[in-house]
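Trainee: Need coordinates for the following:
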Amino acid sequence: MDIKKIRKDSLRGLTDEIGVYALCDLDRNPIYIGQSKDGIRTRVNRHLTSARSDVIANRQLDIWEICEVWAWPVEDKELIDELETHLINHYNTTSPLVNGKLPAQTGAAPGIPEKQIVAIMSEEERALRLDPSRRLPRQLEHLTNLFSHILEVKNNPEQRRMLRVHFNRTEQYYKKFMEDSGETES
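Mentor: Below is the predicted model of the structure:
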């Protein structure tokens, strides 16, 4: 199973209109929300191939976790910032995002366009990656890389917030691993 080929083929179905997108983790929760004024498919593809993507360079995101992309295309560029702010604030309350800065919600909720959902991983691969014995070590490695990046390259409040988000995710995967192995916390 070639995950890169599956992603590439799947992304062909993603809109390339302008708008807002969410990269969703293996649990199908948004983990990063961004915008594109050049085309959603083009921007998402840059994230997934690590080409010119700050979210990858700053260790905010581990693309191994991304199984689905949501897109909200809009016709008017003027609506993108407001929609992105609303979606970041909405989804960050239920599952913390790894976005660098979290914009403050201003004004009433905008009109939300119909959401497009594109799976970029087979269900078989997703099931394998959800296994805590695979997911926990991967998250620990990502957490270590992020921590090293903070110490060596970029130490700011946004990076430390991301460290907290990834630490909490790691703790969840640890608890799931322990549950699955029959261990209980004392």
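Trainee: max-length helix in the chain?
Mentor: helix 157-180 (DSSP state H).
Trainee: List the buried residues in that helix.
Mentor: 159, 161-163, 165-166, 169-170, 173-174, 176-177 (16 or more other CB atoms under 10 Å). C-betas here are computed from N, CA, C, even on glycine.
Trainee: And the contacts of it?
Mentor: For helix 157-180, contacts defined as CB atoms under 8 Å, 6 or more residues apart in numbering pick out 58-60, 96-98, 100-101, 132-133, 135-136, 139-140, 142-143, 146-147, 149-150, 184-185.
Trainee: From these, which land in helices?
Mentor: Within the contacts of helix 157-180, residues falling in helices by DSSP H are 132-133, 135-136, 139-140, 142-143, 146-147, 149-150.
Trainee: Return the member of the residues you listed nearest to W64.
Mentor: W64 has its nearest neighbour among these in H142, at 8.0 Å by CB to CB.
Trainee: my read: the closest one touches I56, true?
Mentor: No: the criterion here is CB atoms under 8 Å, and H142 misses it with I56 at 11.3 Å.
Trainee: now the buried residues of helix 157-180 as JSON lines including pLDDT and distance to K8?
Mentor: Compiled in JSON lines, those are given as follows (pLDDT from 0 to 100; distance: CB to CB, whole Å):
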{"residue": "Q159", "pLDDT": "90", "distance to K8": "30"}
{"residue": "R161", "pLDDT": "91", "distance to K8": "32"}
{"residue": "M162", "pLDDT": "91", "distance to K8": "27"}
{"residue": "L163", "pLDDT": "93", "distance to K8": "31"}
{"residue": "V165", "pLDDT": "93", "distance to K8": "28"}
{"residue": "H166", "pLDDT": "93", "distance to K8": "27"}
{"residue": "R169", "pLDDT": "93", "distance to K8": "27"}
{"residue": "T170", "pLDDT": "94", "distance to K8": "30"}
{"residue": "Y173", "pLDDT": "93", "distance to K8": "28"}
{"residue": "Y174", "pLDDT": "94", "distance to K8": "33"}
{"residue": "K176", "pLDDT": "91", "distance to K8": "31"}
{"residue": "F177", "pLDDT": "93", "distance to K8": "32"}
